[in-house]
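S.K.: Quick check, what structure comes out for this input:
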Amino acid sequence: AGPYLALWNRVAGFRPDDLDAAFASGTVVRATLMRVTLHAVHRDDWAAFHHAMTHPLRGSRLNDRRFAPARLTPAEADEVRDAVLAFADRPRTQDEIVTELSRLLDDERAPATWFALRTLAPLHHVPSGAPWSFSPRERVYRAGARTAANEPPAGDDPAVVHLLRRYLAAFGPATEADFARFTMLRKPWTGPAVETLRPELVEIDGPDGVTLLDLPDAPRPAADTPAPPRLLGMWDSLLLAHADRTRVVPEPLRGHVVRRNGDTLATVLVDGRVAGFWRATDDGIDAAVVEPLPDRVWSALAAEAASLQELLADREPAVFRRYRRWWDELPDVEVRRLADARDAAAR
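M.R.: Sure, this is the predicted structure:
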C-alpha cells in the first residue's frame, strides 16, 4: 500500500488504478534499492539507481552470516547471479528460482544463495495480485538486466550523480549527510557525487549555520507557507530522507516513528511535522496526537481521512492491520475517530 498512499498524499486526483497500470506495464518498477529496502521508481531511473547502489546492495548480503551456508566466493556468486538472471528472463516465482538454484548448486546451498541474490541482483518484482499489485503470498521476479556490476562505481559515476540529482529534486534543500542517510552510500561515493554536481546547485543557508544544497529551479516556498495536514502511510520516504530527522519528526517521537526493527509507522503530519499517528480498522480511521490541535486542523484531518477511506474501500479498508501492535505502545496521546466506517458505507 505504501506507494499508493505516498502518491495519494502528493498528487491531486490520484487514481490507484493508474498505479496498477504503471506497475503492470513496467513504467513503474518495484525493486530493492536505497537503504537496501524496496522502492517503487520510474523505469528510466531504475538502472542508474541500481548501479549507484552496488556497494551497499552487495556488501549487505555477501558479508552477512546468513550468506555463509552458500559457500560461494563473491566471484562465484556473480556467476550464479547471471545464471539466475538468464533463468528469470520471464516472470518466475520465488519457488521456481530456488528450485533452479538447487539444480545449479544443491538444496542445502540454494536458500542462502537466494537470500543474497534477491537483494543484490538486478531483479524487478512482478505484479502478482490484489489489493496493491504485489501479493506477499506469491512473490514473482523478472530480470531487469542480464548482468550487473561486480564492483561499485566511482563516486563521480553518472549513475551516482543522477541518484543525487533525483534525491535533491524530491527532498532538497539537503546536505551531503542527508543524501548519505537516505541512500546508505558512504563518503567515497557521496563526496565525489556532490562535487561533480555542485556547479549545477545552489547553496542555501540552513539552520544553525548549515549549508544546504538544492537544484536551482526547485520550488522553495516561503517559511510561512501553510502546509496542509496529511496522513502519511508506513515507510513514507519523507520520514527517512534526512540525517537530521528532527526536521520532520520531533525528537520525543523519533523512537516511536521509526521502530528498532525498521518499521516506520503511519503518521499524522501537521504544519509539515509529525504530530501523531493514525490507524485504519474495520470500524474507521483513528488518529492519536501528542499535542492539542485546533478544531480547524481536526476538521482538515477528518476530510483527509474521508478521502483515504475512499481510496482503501475497495482494496484494504484496514490497511497495515498486521502492524497494529505498535498502537498500544504509543506515548500519552489524544485519540479521536477521524472517519467512521458506517458513514463511509452510507455515502
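S.K.: rest of the way, CA atoms for contacts and neighbours
M.R.: OK.
S.K.: In a strand, Ala31, correct?
M.R.: Yes - secondary structure of Ala31 (DSSP: H, G, I helix; E, B strand; the rest coil): part of a strand.
S.K.: For it, which residues are in contact?
M.R.: Residues near Ala31 by C-alpha atoms under 8 Å, 6 or more residues apart in numbering: 38-40, 123-125.
S.K.: can we see that at 10 Å?
M.R.: Going by C-alpha atoms under 10 Å, 6 or more residues apart in numbering, Ala31 touches 37-41, 46, 50, 118-119, 121-126, 141, 144.
S.K.: Filter the residues you listed down to just the ones in strands.
M.R.: In strands, judged by DSSP state E, the following of the contacts of Ala31 are found: 38-41, 123-125, 141.
S.K.: What ranges does the stretch 151-300 of the chain have for its helices?
M.R.: For the stretch 151-300 of the chain, the helices defined by DSSP state H, counting those that start in this stretch cover 158-171, 176-183, 187-197, 254-257, 295-313.
S.K.: among these, which gets the worst mean confidence?
M.R.: Lowest mean pLDDT within these: helix 254-257, at a mean of 91.
S.K.: what about that helix, distance to the chain center?
M.R.: Between the centre of helix 254-257 and the centre of its chain there are 17 Å (C-alpha atoms, centre = their mean, to the nearest Å).
S.K.: Just name whatever secondary elements it is in contact with.
M.R.: Using 3 or more C-alpha pairs under 10 Å, 6 or more residues apart in numbering; DSSP states H and E, the elements in contact with helix 254-257 are strand 273-280.
S.K.: can you do 6 Å?
M.R.: Counting contacts by 3 or more C-alpha pairs under 6 Å, 6 or more residues apart in numbering; DSSP states H and E, helix 254-257 is packed against no other helix or strand.
S.K.: Can you point out the buried residues in that helix?
M.R.: Within helix 254-257, the residues scored as buried using 16 or more other C-alpha atoms under 10 Å are 254, 256-257.
S.K.: ok, the ones in strands among the contacts of Ala31 vs Thr54, which is closest?
M.R.: Closest to Thr54 out of those is Leu123 (13.1 Å), distances taken as C-alpha to C-alpha.
S.K.: returning to that earlier point: can you go through the ones in strands among the contacts of Ala31 and name the buried ones?
M.R.: Buried among the ones in strands among the contacts of Ala31 (16+ other C-alpha under 10 Å): 39-41, 123-125, 141.
S.K.: which residues are contacting the helix or strand hosting His55?
M.R.: Per DSSP states H and E, His55 falls inside helix 54-62. Under the contact criterion C-alpha atoms under 6 Å, 6 or more residues apart in numbering, helix 54-62 has outside partners 36, 116, 120, 152.
S.K.: ok, now how distant is the second one from Gly255?
M.R.: Put plainly, it is Ala116. From Ala116 over to Gly255 the distance is 29 Å, taken as C-alpha to C-alpha, to the nearest Å.
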